[in-house]
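[1] Quick one, what's the 3D model for this:
(4 chains)
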Number of protein chains: 4
Amino acid sequence: MSLDDIAARQRAFAVAREWGQWHTPKNLVMALSGEVGELTEIFQWLTPEQAAAAYEDPDLRARIDDELADVLLYLVRLADVMGADLVKAAHAKIDRNEHRFPKPAPLTD
Amino acid sequence: MSLDDIAARQRAFAVAREWGQWHTPKNLVMALSGEVGELTEIFQWLTPEQAAAAYEDPDLRARIDDELADVLLYLVRLADVMGADLVKAAHAKIDRNEHRFPKPAPLTD
Amino acid sequence: MSLDDIAARQRAFAVAREWGQWHTPKNLVMALSGEVGELTEIFQWLTPEQAAAAYEDPDLRARIDDELADVLLYLVRLADVMGADLVKAAHAKIDRNEHRFPKPAPLTD
Amino acid sequence: MSLDDIAARQRAFAVAREWGQWHTPKNLVMALSGEVGELTEIFQWLTPEQAAAAYEDPDLRARIDDELADVLLYLVRLADVMGADLVKAAHAKIDRNEHRFPKPAPLTD
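    Just a heads-up that it's a prediction; the model follows:
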């Protein structure tokens, strides 16, 4: 399963409900931002230790999965309406990061 | 190419640079939020029409791809450190959305 | 009424409930971000025209006031726990903006 | 000095530069969100201890003040273009919070 399948399902979902008219880049960026806000709210009062263990708690895990999904869904939908290739863009960015932050040389004596 | 490849590359990147210590769920949620903020800044002053055409402009396209990539990279990294399955979570969410927002019945006469 | 009164009320509120332990700068930045996400969600699907008229609708007005308040409350609380002077910082920023973006010269013939 | 003074300065600033056309509620919510993203980026990799001490560092203090100011400026501008009273809304919200989260009763023996 890939992001293409997710994009296709969302496209069909929006077409069937005639929601495409609201799925403009500007609106989708805002929706993405709103979902990241909901994800943030899950973690905001947790200590680093609690946050690190949150995903092991069944209730928190369900909430986190739900918000992670919403973030990915709006990100994929945004890329799809613009015609962007998310996976290609991500690999290109890692390439640039590898160049920008070279691996430290191994210590030798 | 899949999200697994991206997760694996980021894991190797973090290990080689000993950055894993900073890649806690709480920190990564904040980093995700910061990148969505940068994506938002690209679109904030654009009219809906300008936003819809933004991706056709080569300079804007490069900036958008860069920010889309950063958002995906931190989202994938966050899921990876917690052990979440982003694609599975997204399909489960679409399933729930299809139940929650049924397709309108076809019009018949 | 000033921001000092709001900061004082929030300080007393947190002390009475022993919530101060959670009101660290990092947590408060996340809480601020979460509230801005909720404000964003009110506007995300509105057209520019609908967004411009939203505050005239009594229901939307109540929701907007509620979220504006939450954003201000966490911003004031964040500044208070760090010892920052929000109003002074804002005036200093406007001063810098006036220098950075000079007024256009009046048109003459 | 109050928020009214800040709102008045920003109004004059926007009028002089004919920027009012871009200062719609939807755009200003996005701008607010972008600035909170920049504030978040300052804190994202800091430990709770580093975050708590960040404001004592002169360089970080200047960056934090700058971002706090930007958040307040867009929040005040957003409220101003809609005709919202931020300070009144904040006090009303504290009133509701005091009702919603009553003070714990003092311990007696």
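
[2] so where's chain A uncertain?
    Applying pLDDT under 70 to chain A picks out residues A:1, A:107-109.

[3] Show me what residue of it gets nearest to chain C.
    Taking CB to the nearest CB as the measure, chain A has A:G37 as its residue closest to chain C, at 1.5 Å. C-beta: built from backbone N, CA, C; applies to glycine.

[4] excluding its backbone neighbours, what's nearest that residue?
    If the residues on either side of it in the chain are set aside, A:G37 comes closest to C:G37, at 1.5 Å by CB to CB, 6 or more residues apart in numbering or on different chains.

[5] Surely that neighbour touches A:L32?
    No - taking contact to mean CB atoms under 8 Å, the distance of 10.0 Å between C:G37 and A:L32 leaves them out of contact.

[6] Please see if the longest helix along chain A touches chain B.
    Looking only at chain A and at elements set by DSSP state H, the helix with the highest residue count is helix A:58-82. Yes - contact between helix A:58-82 and chain B, assessed by CB under 8 Å from any CB of the partner chain, occurs at A:61, A:64-66, A:68-73, A:75-76, A:78-79, A:82.

[7] follow-up on the earlier one: neighbours of the residue nearest to A:G37, how many?
    Applying other CB atoms under 10 Å in any protein chain shown, we find 25 other residues in the vicinity of C:G37.

[8] Around chain C, pick out the residues from chain A.
    When proximity is defined as CB under 8 Å from any CB, chain A approaches chain C at A:22, A:27, A:30-31, A:33-38, A:40-41, A:43-45.

[9] Kindly recompute the last result at 6 Å.
    Proximity of chain A to chain C is assessed by CB under 6 Å from any CB of the partner chain, with A:W22, A:N27, A:M30, A:A31, A:S33, A:G34, A:G37, A:T40, A:E41, A:Q44, A:W45 identified as the residues in range.

[10] will you turn these into TSV that also has secondary structure and distance to B:D4?
    Converted to TSV, the residues of chain A next to chain C look like this (DSSP: H, G, I helix; E, B strand; the rest coil; distance: CB to CB, whole Å):
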residue	secondary structure	distance to B:D4
A:W22	helix	32
A:N27	helix	30
A:M30	helix	30
A:A31	helix	26
A:S33	helix	27
A:G34	helix	28
A:G37	helix	28
A:T40	helix	26
A:E41	helix	28
A:Q44	coil	29
A:W45	coil	32
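
[11] List just the nearest of those residues to B:Q50.
    For B:Q50, the closest of the residues of chain A next to chain C turns out to be A:N27, at 13.6 Å, with distances computed as CB to CB.

[12] and that closest one, what does it touch?
    Under the criterion of CB atoms under 6 Å, 6 or more residues apart in numbering or on different chains, the contact list for A:N27 reads C:Q44, C:W45.

[13] I'd say A:M82 and B:Y55 touch.
    Yes - taking contacts as CB atoms under 6 Å, A:M82 lies within contact range of B:Y55: 4.0 Å.

[14] Pretty sure the residue of chain A closest to chain C sits against C:E35.
    No - the pair A:G37 and C:E35 fails to qualify as a contact (CB under 6 Å) at a distance of 7.6 Å.

[15] Can you tell me, leaving aside adjacent residues, what's nearest to the residue nearest the centre of chain A?
    For chain A, the residue sitting closest to the mean C-alpha position, by CA atoms, centre = their mean, is A:L72 at 3.7 Å. Of all residues not flanking A:L72 in the chain, B:A90 sits nearest, at 4.8 Å (CB to CB, 6+ apart).

[16] ok, now which ones touch the residue of chain A found nearest chain D?
    Closest contact between chain A and chain D, by CB to the nearest CB, is at A:S33 (5.4 Å). Residues near A:S33 by CB under 6 Å, 6+ apart: B:V36, B:T40, C:T40, D:S33.

[17] if you set the cut-off to 10 Å instead, what comes out?
    With CB atoms under 10 Å, 6 or more residues apart in numbering or on different chains as the criterion, the residues that contact A:S33 are A:71, A:74, B:33, B:36-37, B:39-40, C:33, C:36-37, C:40-41, C:44, D:29-30, D:33-34, D:36-37.

[18] same question, A:L72
    For A:L72, the contact set (CB under 10 Å, 6+ apart) comprises A:3, A:6, A:32, A:35, A:86, B:3, B:71-72, B:75-76, B:79, B:86-87, B:89-90, B:93.

[19] Surely A:A14 and A:R77 touch.
    Yes - taking CB atoms under 10 Å as the definition, A:A14 is a contact partner of A:R77 at 7.7 Å.

[20] Which strand or helix spans A:A92?
    Under the assignment given by DSSP states H and E, the secondary-structure element containing A:A92 is helix A:86-100.

[21] list the helices and strands that helix packs on?
    Contact analysis of helix A:86-100 by 3 or more CB pairs under 10 Å, 6 or more residues apart in numbering or on different chains; DSSP states H and E lists helix A:3-16, helix A:58-82, helix B:3-16, helix B:58-82 as its packing neighbours.

[22] what about 8 Å?
    Other elements packing on helix A:86-100 under the criterion 3 or more CB pairs under 8 Å, 6 or more residues apart in numbering or on different chains; DSSP states H and E are helix A:58-82, helix B:3-16, helix B:58-82.
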